[in-house]
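>>> Return atomic coordinates for the entry below.
(one chain, ligands or ions: 1)
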Amino acid sequence: MNVLKFLDQKITAALVAAGAPEGSPAMMRPSARAQFGDYQSNGVMPVAKKLGMNPREMAQKVIDSLDLSEVADKVEIAGPGFINIFLKPEWLTQVLSGYVQDERAGVAKVEKPQTIVVDLSAPNVAKEMHVAHLRSTVIGDAVSQTLEFLGNKVVRANHIGDWGTQFGMLIAHLEELQKTNPEVMNSELGDLENFYRQSKKHYDENPEFAERARNYVVKLQGGDEWCREQWQKLVDVTMEQNLNTYKRLGVKITAENTMGESMYNDMLPGIVADMKEKGLAVEDDGAMVVYLNEFQNKDGDPMGVIVQKRDGGFLYTTTDIACAKYRYETLGADRVLYYIDKRQSDHLKQAWTIVRKAGYVPVNVSLEHHSFGMMLGKDNKPFKTRAGGVVKLATLLDEATARSEKLINEKGADMTAEQKAQVVNAVAMGSVKYSDLSKNRTSDYVFDWDNMLSFEGNTAPYMMYAYTRVQSIFRKAGVDAVSLSGEIKITEQPERELAMKLMQFSEAVDGVAREGMPHILCAYLFELAGAFMKFYEFCPVNKDDVAADVKNSRLQLCALTARILKLGLGCLTIETVEQM
Ligand code: ARG
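Have a look, this model is predicted:
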């Protein structure tokens, strides 16, 4: 259960009973220090101020109409009107006992499952995936996984860049290469970045080629079969590589999730016509434009967003308008989360303002830009190769694997070759993902091999290692965690701290679902692992002089810790191993 939410509801009701206006927030949070109890409500002061009441008197009224006798053994007023809640250890242990054998570790599924579309990854055809796509892929997939764990229906939508004028030059270039080498699709296109660069060069330098390329754009858009075939080849070869990368990364993005820009192409003429009819889009110098008062251009006038060019072509924005409409109408989205680089925030705001004005998506369906910052190198500059080029994702994952292998070799644990290969891969992919997930996504983040592959700090290796530590306790005890039952008893402070952390798993998971920020869960798991290490240091489990009931109780805390680490890392798409 989510204790924070439970107490929040209780205090919110008590606030109203004490005379506060309906909807006054309880401002509930975990207490920063043990002396302030386990949870604290800060909601009284602002309300009392508004009503011109003495806050401590108001707090007393709240407490008087609050019945927490079952869960708390002390509810006190502190300072100017904070309410501190001290949970009953017996209640805590009773609830936790029920979680030990619960495969969800006390995390309830949502009462009303939603259909949530997650726009993620979205690489471009005939280009290598680069680091921004890595961020979108990894963060988007972890949030998807968490939302699914809570019982929602998630549609991962991979909005690949598979449409646009660049396809003219790509088709023309492919045509030339195929003349000399009919097998080119199987060989040279391994290096997509180079293919793209060559066709661009050709286009810029050769007017005759450029003319042909422009012609192919028109033909492709007109549905010409040969052009369509060539286009499909380019999409297929790109996505084959990308799907391999997804598999390697261990994210759940498959061919079924590919819903690229081209998918909305047929909707675009109708949408522009509809917006024209609604008086939203107007003709301006041959183009169709939507003027938005909400945004200003550099002269301070309403911003004009072009939705159809003079030559009849549509734009990235037009596609995103159609795409939002589709996600609501056809996919039945209750909520749409877009994991896109923060530099595209204006683009999305404009597209969605138009979507709302056109009435394509009702306001109760939220369109949320879950933006993220740039990935930087150790020098704090955009992450590039030494030569200044883009870092290919495959190369990055190869390096992660090599470094992980070295790390695991140094550790020298006794493992079979097969076990070792599995651990190396789990640590490699886990580290790349976790280092991204553990930072607040809104800021830029520094990609640092040494940090991410360290056994110390908030890292994948540390978290994975903590899990194996708990497993080794069970091996040593010769006990199978699934057979554990009986009372959990809390006598020592480190036991209590660990118990509180174990209780808060739900809060962390709900936080990720609400904010789309996986670092909330990473921070929680890191604290949990810390609380466990401290507990293990002070509260022996396997020593001979530990009484049987104490041992049984402690083993249950261990079992629940392992379960939550595994479930939590699972939500983050990080694999756990039994030994490392
Ligand atoms: N392909 C785009 C890029 O590489 C990202 C697309 C994001 N999704 C969207 N619905 N616009 O920048």
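
>>> so where's the protein uncertain?
186-190 (pLDDT under 70).

>>> Report the distance from the helix or strand that contains Glu294 to the chain centre.
Glu294 belongs to strand 287-296 when assigned by DSSP states H and E. In this view, strand 287-296 has its centroid 32 Å away from the chain centroid, taken as C-alpha atoms, centre = their mean, to the nearest Å.

>>> Alpha carbons of it, as PDB, please.
C-alpha atoms of strand 287-296 as PDB (Å, rounded to 0.1, in the frame of the first residue of the first chain):
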ATOM      1  CA  ALA A 287       0.800  27.900 -47.900                       C
ATOM      2  CA  MET A 288      -1.700  26.900 -45.200                       C
ATOM      3  CA  VAL A 289      -0.900  28.500 -41.800                       C
ATOM      4  CA  VAL A 290      -2.400  28.400 -38.300                       C
ATOM      5  CA  TYR A 291      -1.900  31.600 -36.400                       C
ATOM      6  CA  LEU A 292      -1.600  31.200 -32.700                       C
ATOM      7  CA  ASN A 293      -2.100  34.100 -30.300                       C
ATOM      8  CA  GLU A 294      -0.500  32.000 -27.600                       C
ATOM      9  CA  PHE A 295       2.900  32.300 -29.200                       C
ATOM     10  CA  GLN A 296       4.700  35.300 -30.600                       C
END
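
>>> So which elements touch it?
helix 268-277, strand 281-284, strand 302-308, helix 345-357 (3 or more C-beta pairs under 8 Å, 6 or more residues apart in numbering; DSSP states H and E). Yep, even glycine has a C-beta here, placed from its N, CA and C like the rest.

>>> one more time with 6 Å
Applying 3 or more C-beta pairs under 6 Å, 6 or more residues apart in numbering; DSSP states H and E, one finds that strand 287-296 makes contact with strand 302-308, helix 345-357.

>>> ok, and the closest non-adjacent residue to Leu292?
Leaving aside its chain neighbours, Leu292 sits nearest to Met303 (5.1 Å; criterion: C-beta to C-beta, 6 or more residues apart in numbering).

>>> With Ser443 instead?
Nearest one to Ser443, counting by C-beta to C-beta, 6+ apart, is Gly373 at 4.9 Å.

>>> coming back round to it: looking at the helices and strands packed on strand 287-296, spot the one closest to the ligand.
Nearest of the helices and strands packed on strand 287-296 to the ligand, taken as C-beta to the nearest ligand atom: helix 345-357 at 7.2 Å.

>>> Now do the closest one and strand 287-296, the angle between them.
110 degrees (axes from the mean of the first three to the mean of the last three C-alpha atoms, to 10 degrees).

>>> right, is helix 345-357 up against the ligand?
No - figure legend: helix 345-357 not in contact with the ligand (C-beta under 6 Å from any ligand atom); closest approach 7.2 Å.

>>> Show me what that helix packs onto, helices and strands only.
For helix 345-357, the packing partners by 3+ C-beta pairs under 6 Å, 6+ apart are strand 287-296, helix 316-329, strand 366-369.

>>> what angle do that helix and helix 316-329 make?
Going by the same axes, to 10 degrees, helix 345-357 makes 50 degrees with helix 316-329.

>>> In this structure Thr561 contacts Met533, no?
No - in this structure Thr561 lies outside contact range of Met533 using C-beta atoms under 6 Å: 10.1 Å.

>>> Between those two, which has more neighbouring residues?
Thr561 (25 against 15; other C-beta atoms under 10 Å).

>>> Okay, and that one sits in which element?
Assigned by DSSP H and E, Thr561 falls in helix 548-571.

>>> So which elements touch that helix?
Against helix 548-571 (3+ C-beta pairs under 6 Å, 6+ apart) you get helix 89-100, helix 131-149, helix 460-477, helix 519-538.

>>> how about the residues of the stretch 301-450 of the chain near the ligand?
With C-beta under 6 Å from any ligand atom as the criterion, the stretch 301-450 of the chain meets the ligand at residues 320, 323, 338, 340.

>>> Apply 5 Å and report the result again.
Residues of the stretch 301-450 of the chain lying close to the ligand by C-beta under 5 Å from any ligand atom are Ile340.
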